[in-house]
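*Asks:* This is a predicted model, with the sequence first.
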Amino acid sequence: MFENLELITADTILGLMAAFRADSDPRKVDLGVGVYRDDHGETPVMEAVRAAEGALVAQQTTKTYVGPAGNPGFNTEMEKLVFGAAHPALKAGRIRSIQSVGGCGALRLGAELIRLAAPQSVVHVSTPTWANHVPLLSGAGLELEHYPYFDATSGGVRFAAMLGALEQLPPRTVVLLHASCHNPTGADLSPDEWRALLELVKRRSLLPFIDMAYQGLGEGLEADTFGLRLFAAELPEVLCAVSCSKNFGLYRERVGALHLVSETAKAAEAAMSQLVKLARGMWSMPPDHGAEIVRRILADGTLRELWEREVTGMRTRIQGLRRELVGQLREQYPQRDFSFIAHQRGMFSYLGISTAQVRALRAEHHVYMTDDSRINIAGLRPENIGYFARATAQVLAA
């Protein structure tokens, strides 16, 4: 049965990971893999997570299933974290939440719900968008199209072009938006741009599907939800996929949630029943370990305060690295303006160099990034940021 299957080329990121591990040069720099790293180049277990996990292991009395909707306490705490406890949609009973297998599972589950409700739906994603959006959404049988987003010249958003493209879409079209820390560019919408986009979405009756994978790593835990909360308060329907990988450091635990905002509480309940059925057919029951860790942190005042301090430390470090990188690049290669990097948010930025230059950095200087020049800012640290700037300058000058 399987003898005619063709060999699939390794995923770009996975290939980079393998190449980096095989590189024995002590100067090597990994800016490709999208995980947070500290000043020692490690992806640490957060102290709040360690404390919550220790208590969980000591107190847990069973490993039985929690049900296809996941950990109820986790879902409740995530609703309050994402929307705010006093959000009008939450108070009106218009929000339903289901635990998922990471943010990827939330995106796929949302795509399956869209296909179930409207099989001919087209999802419009930004140019560019996170590479995994494409297989996650199209794998559910949805067609994908693109709208303008990133301005490579300024390092910002082509907002007028974005609005112009979305203005042409028919009602009920799905638009995938990044809540904050746009991956792969780091270019985010401002509050005023979110407000303008809201008016267009209302006028054209579009369905926003918002991906929030980095809450707290952009401007802050509250600020990073601005657009999402605005849309949920003003629109009849919103889908939101959330990941706990980055801001809780729970990558391998696969913790996420899909939040559904419906026009009425009755509609929300019906949609939730469909989500449970879809989840049952995909992964049956989600893993509870990471979800219970998150629940304990968010429900415990002391642990939550510790976690919020740690998230603030991660965000502050990334912002400092952005400023330092701009300064280093300005010193090493003043012919080119990289100041946009300091104005962007989150872990990622496009360096804005050619594929040939990216490959030269890899071959000649052992610096690893994806071919489109996306860099993980968190992969930089005091020991390598100067080396990276010098290597980049040499490649640009060649």
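*Replies:* Great, that's in hand.

*Asks:* Dead centre of the chain: give me the residue that sits there.
*Replies:* Geometric centre of the chain, nearest residue: A213, 2.8 Å, by CA atoms, centre = their mean.

*Asks:* Buried residues in stretch 52-59, which are they?
*Replies:* Residues 52-53 are the ones in stretch 52-59 that count as buried (16 or more other CB atoms under 10 Å). (Each C-beta comes from the backbone N, C-alpha and C, glycine too.)

*Asks:* Next: stretch 364-376.
*Replies:* Within stretch 364-376, the residues that count as buried by 16+ other CB under 10 Å are 365-370, 372-376.

*Asks:* Give me the neighbour count for G73.
*Replies:* For G73, the count of nearby residues is 16 (other CB atoms under 10 Å).

*Asks:* Who are the contact partners of it?
*Replies:* 292, 295, 299 (CB atoms under 8 Å, 6 or more residues apart in numbering).

*Asks:* about what we covered before: how about the buried residues of stretch 364-376 in CSV, adding pLDDT, distance to E308 and secondary structure?
*Replies:* Formatted as CSV, the buried residues of stretch 364-376 follow (pLDDT from 0 to 100; distance: CB to CB, whole Å; DSSP: H, G, I helix; E, B strand; the rest coil):
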residue, pLDDT, distance to E308, secondary structure
H365, 97, 38, helix
H366, 96, 37, coil
V367, 96, 34, strand
Y368, 95, 32, strand
M369, 94, 31, coil
T370, 92, 31, coil
D372, 93, 33, coil
S373, 94, 33, coil
R374, 95, 28, strand
I375, 96, 27, strand
N376, 97, 23, strand
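
*Asks:* Farthest-apart pair in those, please.
*Replies:* Distances among these were taken as CB to CB; the most separated pair is H366 and D372, at 19.2 Å.

*Asks:* can I assume L176 sits in a strand?
*Replies:* Yes - membership of L176 in a strand is supported by DSSP: H, G, I helix; E, B strand; the rest coil.

*Asks:* Give the ChimeraX command for selecting the buried subset of the contacts of G73.
*Replies:* Applying 16+ other CB under 10 Å to the contacts of G73, the buried members can be selected in ChimeraX as follows:
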select :292,295
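
*Asks:* Between the contacts of G73, which sits nearest A86?
*Replies:* A299 (17.2 Å).

*Asks:* which element is R50 on?
*Replies:* Following DSSP states H and E, one finds R50 within helix 47-59.

*Asks:* Quick one: mean pLDDT for the host helix or strand of L113?
*Replies:* Per DSSP H and E, L113 falls inside helix 102-117. Summarised as a single mean, pLDDT over helix 102-117 is 98.

*Asks:* can you give me the strands in the stretch 101-250 of the chain?
*Replies:* When assigned using DSSP state E, counting those that start in this stretch, the strands of the stretch 101-250 of the chain occupy the ranges 122-127, 143-148, 150-151, 156-157, 174-178, 207-212, 238-243.
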